[in-house]
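Enquirer: Here is a sequence with its predicted model. Questions after.
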Amino acid sequence: MISPSHIAIIMDGNGRWGLKKYNDRNKGHYYGLLNINKVIEHCIKIKIKYLTLYTFSTENWNRPKKEIDYLFFLFKFFYKKNFNKLNKNNIKIKFIGDLKNIPKDLKIIIKKIEDKTKNNDAITVIFAFNYGAKSELVNAFKNIIKNKTKVYEINEELINNYLYTNNIPDPDILIRTGGEKRLSNFLLWQLSYAELFFINKNWPDFNFFDLKKVIKAFGVTKRKFGGLNE
Ligand code: FPP
């Protein structure tokens, strides 16, 4: 059995869950946030070293302002309510995405969280916030050119170094809840060889048993990376 070191999750289905249970999409985001805490604990239990969560995409700006404001409120709520516990539990938190174009108060919180948890090592939880894979690549190519990189210097390792995920190993597993089967502009470069799992449950309902099922299925997968054997 092989074990994954990095799991990436598209936490889809919050809106549908909230509408169905409370006639309120935002309630789904609230319970989705509570589920993030549980899933982080499960991942520590099973010794996952990296967990990347898609919390806000560059396309999410197209949602109604009320929903965007609520997601930003939840972000601050998450910080106030959970930060001390996460830090005490030795959890390192990082953010990836276009962090230049987000509200100033969130930028300050992000910097604080990253600074205070940088030496923790139980797990690294990476929040993809205002993240889009295509915009990440555009940003990388711009910086490669700005640094006057020579054509012969360009290779996969160099491109990796210019991505927001620099120094983070590629995910072994992608989980998408909510029943849809698409990548929605998430980690397009980094997921090249990930095993994909699409779960027919909305994110607030995703639990430890679902996670264990994914890990078990991954454990018996033959990963060939384009060759004949691992
Ligand atoms: C997708 O569900 C989920 C999101 C766009 C946001 C994910 C956010 C959280 C889990 C909580 C917030 C956490 C932080 C740290 C801000 P959807 O709304 O697309 O659901 P739908 O497909 O049913 O509409």
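Expert: All right, it came through fine.
Enquirer: what's near enough to touch the spatially most central residue of the chain?
Expert: By CA atoms, centre = their mean, the chain has its centre lying nearest to residue 53, at 2.2 Å. Residues in contact with residue 53 (CB atoms under 8 Å, 6 or more residues apart in numbering) are 8, 9, 11, 36, 125, 126, 127, 128. All C-beta spots, glycine's among them, are computed from the backbone N, C-alpha and C.
Enquirer: 7 Å - rerun?
Expert: With contact set as CB atoms under 7 Å, 6 or more residues apart in numbering, residue 53 has these partners: 9, 11, 36, 125, 127, 128.
Enquirer: Please list the residues of this protein that sit near the ligand.
Expert: 11-16, 29, 32-33, 36, 55, 60, 71, 74-75, 78, 127, 178, 203 (CB under 6 Å from any ligand atom).
Enquirer: Go through those and flag which are in strands.
Expert: In strands, defined here by DSSP state E, the members of these are 55, 127.
Enquirer: rewinding a little: quick one: the residue nearest to the centre of the chain and residue 36, what's the gap?
Expert: Distance of residue 53 to residue 36, given as CB to CB, to the nearest Å: 6 Å.
Enquirer: same question, residue 171
Expert: Distance of residue 171 to residue 36, computed by CB to CB: 17 Å.
Enquirer: Which one's more surrounded, those two?
Expert: The residue with more neighbours, out of residue 171 and residue 36, is residue 171; 26 against 21, by other CB atoms under 10 Å.
Enquirer: pretty sure the more buried one contacts residue 190?
Expert: Yes: with contacts counted by CB atoms under 7 Å, residue 171 reaches residue 190, the gap being 6.2 Å.
Enquirer: packing partners for the helix or strand of the chain with the lowest mean pLDDT?
Expert: Sorting the helices and strands of the chain by mean pLDDT, DSSP states H and E puts helix 65-88 at the bottom, at a mean of 94. Under the contact criterion of 3 or more CB pairs under 7 Å, 6 or more residues apart in numbering; DSSP states H and E, helix 65-88 touches helix 25-45, helix 104-117.
Enquirer: So what touches the first one?
Expert: Defining contact as CB under 7 Å, 6+ apart, one finds that helix 25-45 is touched by 7, 11, 14-19, 21, 51, 53, 67, 70-71, 74, 78, 82, 91, 122-123, 125, 203-204, 206, 208, 211.
Enquirer: between it and helix 65-88, how big is the angle?
Expert: 20 degrees (axes from the mean of the first three to the mean of the last three CA atoms, to 10 degrees).
Enquirer: And helix 25-45, what's buried?
Expert: The neighbour-count check on helix 25-45 (16 or more other CB atoms under 10 Å) flags 25-33, 35-36, 39-40, 42-44 as buried.
Enquirer: cool, and the last one?
Expert: The neighbour-count check on helix 104-117 (16+ other CB under 10 Å) flags 106, 109, 110, 113, 117 as buried.
Enquirer: List just the nearest of the residues you listed to the ligand.
Expert: Using CB to the nearest ligand atom, residue 106 comes nearest to the ligand of those, at 9.4 Å.
Enquirer: So that closest one is in contact with residue 72, correct?
Expert: Yes: the pair residue 106 / residue 72 is scored as a contact, 6.4 Å apart, by CB under 7 Å.
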